[in-house]
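>>> next come a sequence and a model predicted from it.
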Amino acid sequence: MTEVELTAPNGRKITLPTGLFINNEFVKGSSSEKLASLDPATEEIICEVESATADDVDKAVKAARAAFIDPAWRDMIPEERARLLHKVADLVEEHKEDLYTLQAWDVGKLYPGSLGVESDLVVKCFRYYAGWADKINGTTIPISTNKFGYTIRQPVGVCGAISPWNFPLVNCSWKLGPALATGCCIIMKPSEYSPLAALYLAKLFKEAGYPPGVVQVVNGSGQEAGNALTTHLDVDKIAFTGSTATGKAVIKAATVNMKKVTVEAGGKSAFLVFDDADLEQAAKWAFAGGMGNAGQICSANSRVLVQEGAQEKFVGYFTQLAKNSKVGLPFDKGTTQGPQASKMQYDKVLQYITDANAEGANLVTGGGPCKVGDGKGYFIEPTIFTGVTNKMKIFNEEIFGPVIAVSTFKTEDEAVALANDSAYGLAAMVFTENMKTAVRTAMKLQTGMVWINESNNYDVKMPFGGVKQSGLGRELGESTLEAYLEEKVIHVNL
Ligand code: NAD
């Protein structure tokens, strides 16, 4: 087994397997090329892990197929599938310091915050789907006096799960939970920018007692390992989370054998603030939902639309929050914003700031890199622009950084039209004390999710996903089970 001994910035000593996790073993890949994990707060390499080729992915698919059929994971009694998911939830709770240390180190997420909210989301996700494992029923349909039919819902088979780097563990769990509850086998392909936490998680799945081949992890590039999964003829389903551009490529690739595909893609979510809103609360939620995770949230409210009468007061509160924000190291207790996850992301965000200035948006606060410690790392100031029009790039394109575009509106109709003026349709937020305005507006917004008087407050029981170019299908909630099941009908002629 390949592994490294690591000492994290918070002093934790962690033994991490670095191999590909295939058939319950951490193994070397067939290529000599490795993936380097880089700490975005210091720009130092943490370690290298194996990087899968198409051949390695093929081995994982064969192992998954074997596990699905014989000894038949798909036929394992539902109570046992539930027990295993609860067991893995217990292990995540037990090892959360190691898991979230690795995640924070690998992508610059805030360690204390992740340990609470994210760990809770992951554990709840496994437990929620454990609860569904023995409730996957069919229906009986009477046809005539001597005929009836019935349906059964069977696991779709071998699933490939491709995820991004912004919530490495949460994103894994949202796919693992429903796949394992329904009796599918699943091969995880984490982002090449966040390979570490999934390897530790794989160790926990093995410890929980999952049979070989049921859960596997193949780190690697999108072009090689990701593409190998989406084009493999023996993979039945792809659960993808990532950018809209890659999502479209995944959908195309999956046509090779008509795989089922779910896509959770990008967003440009609008946060509507009406004159009568509690403006201080609105500013707090807009800040948390827009700048949280250094703005690297798919459903981040990166556009704020504020009614003219509330603009001055709202922008005042909002700007103050940005000024009070402490950009710093992910493991420091007082830090409220860490670095961008990679150099690529850092450069991209700074370019959007340059473009916004050039296009005539009004920079209220922030607007550039932020020096933390010795000046290394990909830190950017929380940045707010006002006077943003729907012609500007920062209104239309997903920045995925701590940059928020504020525009104004006069009427409810104008607010709805501006919010819907987007290729994306992931989420929207509505702030008002008038519930009639809130509910009416929510009905008209072309998004998969609307939060009224809060933002980005997730619950595993609630479906998550978008319309338009933000995705195809949903994750979380009961309806997600369908994405991992095939309905079979059986006609009975007595
Ligand atoms: P990305 O599209 O660059 O990569 C996502 C994953 O796809 C990675 O694992 C990557 O290796 C893989 N990939 C790349 N090319 C591929 C190919 N040709 N075939 C198969 N796989 C391929 O996205 P990212 O930069 O990692 O993540 C940021 C994006 O993810 C943002 O657009 C964000 O909005 C989106 N996101 C969406 C949600 C959601 O639930 N809607 C959640 C988190 C992130």
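Received the coordinates, thanks.
>>> residues from this protein in reach of the ligand?
Selection of the chain residues close to the ligand by Cβ under 6 Å from any ligand atom yields 162-166, 189, 191-192, 221-223, 226-227, 230, 241-243, 246, 249-250, 264-267, 298, 398, 400, 426, 471. Backbone N, C-alpha and C define where each C-beta goes, glycine included.
>>> just the ones in strands from those, please.
Cross-referencing these against strands under DSSP state E gives 162, 189, 241, 264, 471.
>>> list only those of the residues of the chain next to the ligand flagged as buried.
By neighbour count, with 16 or more other Cβ atoms under 10 Å, the residues of the chain next to the ligand hold 162-166, 189, 191-192, 221-222, 226-227, 230, 241-243, 246, 249-250, 264-267, 298, 398, 400, 426, 471 as buried.
>>> tell me which residues of stretch 352-370 are tucked away?
352, 353, 356, 361, 364, 365, 366, 367, 369, 370.
>>> could you do stretch 10-25 as well?
Quick answer for stretch 10-25 (16+ other Cβ under 10 Å): 10, 12, 14, 16, 17, 18, 19, 20, 21, 22, 23, 24.
>>> farthest pair within those?
Looking at the buried residues of stretch 10-25 by Cβ to Cβ, the two members farthest from one another are 10 and 23, with 33.2 Å of separation.
>>> show me what contacts the closest residue to residue 118 other than its chain neighbours?
Nearest non-adjacent residue to residue 118, counting by Cβ to Cβ, 6 or more residues apart in numbering: residue 170, 5.6 Å away. By Cβ atoms under 8 Å, 6 or more residues apart in numbering, the residues touching residue 170 are 118, 121, 122, 125.
>>> which SSE is residue 16 in?
Applying DSSP states H and E as the criterion places residue 16 in strand 13-17.
>>> if we can go back for a sec, and the residue nearest to residue 118, how far from residue 297?
11 Å (Cβ to Cβ, to the nearest Å).
>>> please narrow the buried residues of stretch 352-370 to those residing in strands.
364, 365.
>>> between the buried residues of stretch 352-370, which sits nearest residue 103?
Closest to residue 103, out of all of the buried residues of stretch 352-370 and judged by Cβ to Cβ, is residue 370, at 21.8 Å.
>>> quick one: the helices in the stretch 151-300 of the chain?
For the stretch 151-300 of the chain, the helices defined by DSSP state H, counting those that start in this stretch occupy 168-182, 196-208, 227-231, 244-254, 279-291.
>>> among the ones you listed, show me which one is buried the most.
Among the helices of the stretch 151-300 of the chain, helix 168-182 has the highest mean neighbour count (mean count of other Cβ atoms under 10 Å), at a mean of 27.
>>> ok, residue 111 - contacts?
Residue 111 neighbours (Cβ under 8 Å, 6+ apart): 10, 100, 101, 104, 330, 331.
>>> same thing with residue 392?
Taking Cβ under 8 Å, 6+ apart as the definition, contacts of residue 392 comprise 356, 359, 360, 361, 405.
>>> now intersect those residues with the helices, please.
residue 356 (DSSP state H).
>>> from the contacts of residue 392, which single one is nearest the ligand?
residue 405 (15.9 Å; Cβ to the nearest ligand atom).
>>> bridged to that closest one, which residues?
residue 303, residue 385 (DSSP bridges).
>>> find me the pLDDT at residue 70, would you?
Residue 70 carries a pLDDT score of 76 in this model.
>>> residues near it, how many?
10 (other Cβ atoms under 10 Å).
>>> gap between it and residue 57?
21 Å.
>>> same question, residue 108
28 Å.
>>> and residue 286, by the same measure?
With Cβ to Cβ as the criterion, residue 286 and residue 57 are 42 Å apart.
>>> follow-up on the earlier one: looking at the buried residues of stretch 10-25, which is nearest residue 112?
For those, the nearest to residue 112 is residue 10 (9.9 Å; Cβ to Cβ).
>>> which element is the closest one on?
Applying DSSP H and E, one finds residue 10 in no helix or strand.
>>> list phi and psi for it.
The phi/psi pair for residue 10 (degrees, to the nearest 10) reads phi -90, psi 10.
>>> quick one: it and residue 101 touch, right?
Yes. Using Cβ atoms under 8 Å, residue 10 makes contact with residue 101 at a distance of 6.0 Å.
>>> determine which two of the buried residues of stretch 352-370 are furthest apart.
Across the buried residues of stretch 352-370 (Cβ to Cβ), the longest gap, 19.7 Å, separates 361 and 370.
>>> neighbours around residue 401, how many?
So residue 401, with other Cβ under 10 Å, has 25 neighbours.
>>> what about it, distance to residue 297?
Residue 401 is 11 Å from residue 297, by Cβ to Cβ.
>>> repeat that for residue 50.
29 Å.
>>> again with residue 85
26 Å.
>>> returning to that earlier point: so which of the ones in strands among the residues of the chain next to the ligand is the closest to residue 76?
Of those, the one sitting nearest to residue 76 (Cβ to Cβ) turns out to be residue 189, at 24.4 Å.
>>> and the pLDDT for that closest one?
Residue 189 is given a pLDDT of 98.
>>> that one contacts residue 223, correct?
No. Look at residue 189 against residue 223 with Cβ under 8 Å: they stay out of range, at 11.5 Å.
>>> which regions of the chain sit below the pLDDT cut-off?
Scanning the chain for pLDDT under 70 picks out 1, 71.
>>> hmm, residue 241 is touching residue 172, no?
No. The pair residue 241 / residue 172 is not scored as a contact, 9.8 Å apart, by Cβ under 8 Å.
>>> what do those two both touch?
Common neighbours of residue 241 and residue 172 (Cβ under 8 Å, 6+ apart) are residue 163.
>>> how much space separates residue 11 from residue 336?
The value you get for residue 11 to residue 336, if Cβ to Cβ is used, is 22 Å.
>>> just give the number of residues close to residue 76.
What residue 76 shows, counting by other Cβ under 10 Å, is a neighbour count of 15.
>>> please determine how far it is located from residue 494.
32 Å.
>>> CA atoms only: put stretch 453-462 into CSV for me.
Extracted C-alpha coordinates of stretch 453-462, given in CSV (Å, rounded to 0.1, in the frame of the first residue of the first chain):
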residue,chain,number,x,y,z
ASN,A,453,-35.2,35.5,4.2
GLU,A,454,-32.1,33.4,4.3
SER,A,455,-29.4,32.2,1.8
ASN,A,456,-27.6,28.9,1.1
ASN,A,457,-28.9,27.3,4.2
TYR,A,458,-29.0,23.6,3.1
ASP,A,459,-30.9,20.7,4.4
VAL,A,460,-30.4,17.1,3.2
LYS,A,461,-34.1,16.5,3.1
MET,A,462,-34.6,19.3,0.5
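>>> flag every buried residue along that stretch.
Neighbour count says stretch 453-462 has 453, 455, 456, 458, 460 buried, by 16+ other Cβ under 10 Å.
>>> from these, which is closest to residue 113?
residue 456 (12.9 Å).
>>> measure the residue nearest the centre of the chain to residue 51 for me?
Nearest to the mean C-alpha position of the chain, by Cα atoms, centre = their mean, lies residue 171 at 4.3 Å. According to Cβ to Cβ, residue 171 stands 19 Å off from residue 51.
>>> rewinding a little: neighbour count: residue 50 and residue 297, which is higher?
Using other Cβ under 10 Å as the criterion, residue 50 and residue 297 rank with residue 50 on top: 27 against 23.
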